[in-house]
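Undergrad: got a predicted model here, sequence first, then my questions.
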Amino acid sequence: MHPTDEYAREHEKGQLGKTEMWYVLDAGRDAKLVYGLKRDSSEAEVRKAIANGTLMNYLQQVPVRKDDLFFIEAGTIHAIGAGTLVAEIQENSNLTYRLYDYDRTGKDGKKRELHIDKALKVANLKSSTEPRQPLRVLRYRQGVALELLTRCKYFEVYRMLINTERRQKVHYRADEIAFRVLLCVNGCGTISCEDGSMEFYKGDCIFVPADSEVLTISGQAQFFDVRG
């Protein structure tokens with residue numbers, strides 16, 4: 001789990017907290033993720049559950065399917081379950097407080113460090129409503145479809161579907177306010193600018209500086225268009 005900005009600035013030498021978004025790219029038949037607590041709990045109850053290995057009884061486990069979307073605010077206890085592949089969009093922070101680690105050991109045979117005291121200071125210990133999938137609307141124009149996935153004070157994320165014919169091109173640019181990131185999660189194609197062109201493939205991440213020149217994109221691909 002992750003602290004808020006306020007807590008991180010005060011207790012972690014000015015670092016940022018972390019709010020994030022998960023988009024499920026693939027999920028097994030019985031895949032689940034942890035999202036908050038089943039019921040309101042006290043700090044003492046959670047500490048005891050960690051000590052005696054029963055914490056999973058308190059955690060809400062949510063079934064997941066491909067293309068599900070989850071917005072995870074700082075302070076929410078969360079974890080990815082087995083058989084799930086997600087794309088994560090987050091604040092610019094690597095600050096994580098590990099509350100529980102399933103008693104796993106690393107290659108060195110040691111268990112990873114837990115951060116129980118810090119985690120319990122920032123954790124939301126109220127019961128969490130099981131997250132519902134938001135209404136999503138695709139808007140089409142020639143060669144591209146776009147839908148808003150998440151908008152918060154830290155980032156906006158759109159899903160962009162590119163499908164061009166041989167001579168079609170989709171025009172794209174970042175405004176003067178902030179840079180953008182295009183994360184290709186499926187397909188392939190070509191992106192071009194005045195200085196040349198490059199091919200992109202699934203898994204590629206393309207940085208587009210603020211106030212960029214107009215880019216042209218062609219191919220068949222799915223992007224996450226991340227805006228700060």
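TA: That came through, no problem.
Undergrad: which ones are touching the spatially most central residue of the chain?
TA: Central residue of the chain (CA atoms, centre = their mean): Glu88, 2.4 Å from the mean position. Counting by CB atoms under 8 Å, 6 or more residues apart in numbering, Glu88 makes contact with Glu20, Met21, Trp22. Using the backbone N, CA and C atoms, a C-beta is placed for each residue, glycine as well.
Undergrad: if you set the cut-off to 6 Å instead, what comes out?
TA: Contact analysis of Glu88 by CB atoms under 6 Å, 6 or more residues apart in numbering lists Glu20, Trp22.
Undergrad: any idea how far Tyr23 is from it?
TA: From Glu88 across to Tyr23, the span is 8 Å (CB to CB, to the nearest Å).
Undergrad: how about the helices in this structure?
TA: Here the chain has its helices, by DSSP state H, at 5-11, 43-52, 116-122.
Undergrad: any idea how many residues pack against the closest residue to Val181 other than its chain neighbours?
TA: Using CB to CB, 6 or more residues apart in numbering and skipping the chain neighbours, the partner closest in space to Val181 is Val226 (4.3 Å). By other CB atoms under 10 Å, 22 other residues sit near Val226.
Undergrad: for Val226, name its beta-bridge partners.
TA: Val157, Val181 (DSSP bridges).
Undergrad: same check, this time on Tyr201
TA: With DSSP bridges as the rule, Tyr201 is bridged to Cys188.
Undergrad: wouldn't it be in contact with Cys188 here?
TA: Yes: look at Tyr201 against Cys188 with CB atoms under 6 Å: they come within range, at 4.6 Å.
Undergrad: ok, back up a step: tell me who's in contact with the residue nearest to Val181.
TA: Taking CB under 6 Å, 6+ apart, one finds Ile89, Val157, Val181 in contact with Val226.
Undergrad: surely Leu146 and Arg159 touch.
TA: No: contact criterion CB under 6 Å: Leu146 and Arg159 do not qualify, at 7.3 Å.
Undergrad: who's more crowded, the two?
TA: Arg159 (19 against 15).
Undergrad: gap between that one and Arg136?
TA: From Arg159 to Arg136 the distance is 8 Å (CB to CB).
Undergrad: okay, and the common contacts of these two?
TA: Contacts common to Arg159 and Arg136, judged by CB under 6 Å, 6+ apart, are Glu147.
Undergrad: from start to finish, how long is stretch 132-152 in a straight line?
TA: Counting by CA to CA, to the nearest Å, you get 17 Å between the two ends of stretch 132-152.
Undergrad: let me redo that: stretch 198-213
TA: Distance between the two ends of stretch 198-213: 15 Å, counting by CA to CA.
Undergrad: pull out the buried residues from it.
TA: Phe200, Asp204, Ile206, Val208, Ser212 (16 or more other CB atoms under 10 Å).
Undergrad: and stretch 6-17, by the same measure?
TA: Buried, per 16+ other CB under 10 Å, within stretch 6-17: Tyr7, Ala8, Gln15, Leu16, Gly17.
Undergrad: for those residues, which one is nearest Asp175?
TA: Leu16 (23.2 Å; CB to CB).
Undergrad: my read: that closest one touches Ser93, true?
TA: Yes: counting by CB under 6 Å, Leu16 does reach Ser93; the two are 4.3 Å apart.
Undergrad: what's the spacing between the residue in the chain sticking out farthest from the centre and Phe207?
TA: Centroid-distance maximum for the chain: Arg167 at 34.2 Å, with CA atoms, centre = their mean. Distance of Arg167 to Phe207, given as CB to CB: 27 Å.
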